[in-house]
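> Predicted model follows, preceded by the sequence.
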Amino acid sequence: MDGRGPALVIACALGIEQFALRSGGRHGAPDGYTLLRTGMGPRAAERAVGRALADPRLQGAAVLATGFCAGLAPGMHPGDLVVAEETRDPRGTTPCTGTGLLAEAVARAVPGRTVHTGPLTGSDHVVRGPERARLRASGAVAVDMESAATLRTAAGTGPGPAWTAGSRPVAAVRVIVDAPEHELVRIGTVRGGISAFRVLRAVLPAFFDWHRSLLLPRR
């Protein structure tokens, strides 16, 4: 970048997620902030993230996956948040960067909302019924279709010179729209009165705080 720090890519899958994040504004955004809509599913996420990070301007970018997800634990509610400690899919596990600091920033951004931390697992389809219990038994707290593919692709793409220690920083924050006692009938329900849209819009500043926290020790 231009000497003021590496960029930040925030990746989401759906148009409604992109709209929520855009309506959250750019106040506090770092130079080189990119909002990337990947499309739905792990293959679309892999392609979109790979193409984006091939751009020399994003060579050293941190990557954060966000959007909506399904909660796996009893007692979760729409509008709760999940900050991943790691993402998992059949192709492996990707550790997340700065989970504790990110969870604190998320809690500040949306006071009163419950923030869950733990493994976030990936799926190539919408999870229903007994499958939810099986994934919960694996230790995962939530499931979505893109985060694992997004972070795995980002972590496997060389970070370049911008991050002088370790690999590219990656993270995932998801807003629950579907939970064991609140199963979503169809994704269009999100467009109704559900609170997840407002939560996703409100949490955006926490993502910028996370990015700044990564830069401070390196200045």
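In hand now; what should we look at?

> rest of the way, CA atoms for contacts and neighbours
OK.

> can you pull the buried residues of stretch 85-98?
For stretch 85-98, the neighbour count (16 or more other CA atoms under 10 Å) marks E85, E86, T87, R88, D89, T93, T94, P95, C96, T97, G98 as buried.

> In helices only, show me those.
The members of the buried residues of stretch 85-98 all map outside helices under DSSP state H.

> Distance from the helix or strand bottoming out on mean pLDDT in the chain to the middle of the chain?
Every helix and strand of the chain was ranked by mean pLDDT, DSSP states H and E. The lowest is helix 129-137, at a mean of 79. Its chain's C-alpha centre and that of helix 129-137 lie 21 Å apart, by CA atoms, centre = their mean, to the nearest Å.

> State the mean pLDDT of the following helix or strand past it.
With elements assigned by DSSP states H and E, the helix or strand that comes after helix 129-137 is strand 142-144. Averaged across strand 142-144, pLDDT comes to 94.

> neighbouring strands for strand 142-144, and are they parallel or not?
Each strand that pairs with strand 142-144, with its direction, by DSSP bridges: strand 62-71 (antiparallel), strand 115-122 (parallel).

> Quick check: which of the ones you listed is nearest to V170?
strand 62-71 (4.9 Å; CA to CA).

> Report the angle between that closest one and helix 129-137.
Counting by axes from the mean of the first three to the mean of the last three CA atoms, to 10 degrees, strand 62-71 points 130 degrees away from the direction of helix 129-137.

> Give me the residues contacting strand 62-71.
If you take CA atoms under 8 Å, 6 or more residues apart in numbering as the criterion, strand 62-71 is touched by 6-14, 17, 77, 127, 141-144, 146-147, 150-151, 154, 168-180, 196, 200, 207, 211.

> Then stretch 106-117?
Residues outside stretch 106-117 that contact it (CA under 8 Å, 6+ apart) are 79-85, 103, 141, 199, 202-203, 205-207.

> So which of these belong to strands?
Residues of the contacts of stretch 106-117 located in strands (DSSP state E): L81, V82, V83, A84, E85.

> still on that earlier bit, farthest-apart pair in the contacts of stretch 106-117, please.
Greatest spacing in the contacts of stretch 106-117, by CA to CA: V141 and P205 (23.6 Å).
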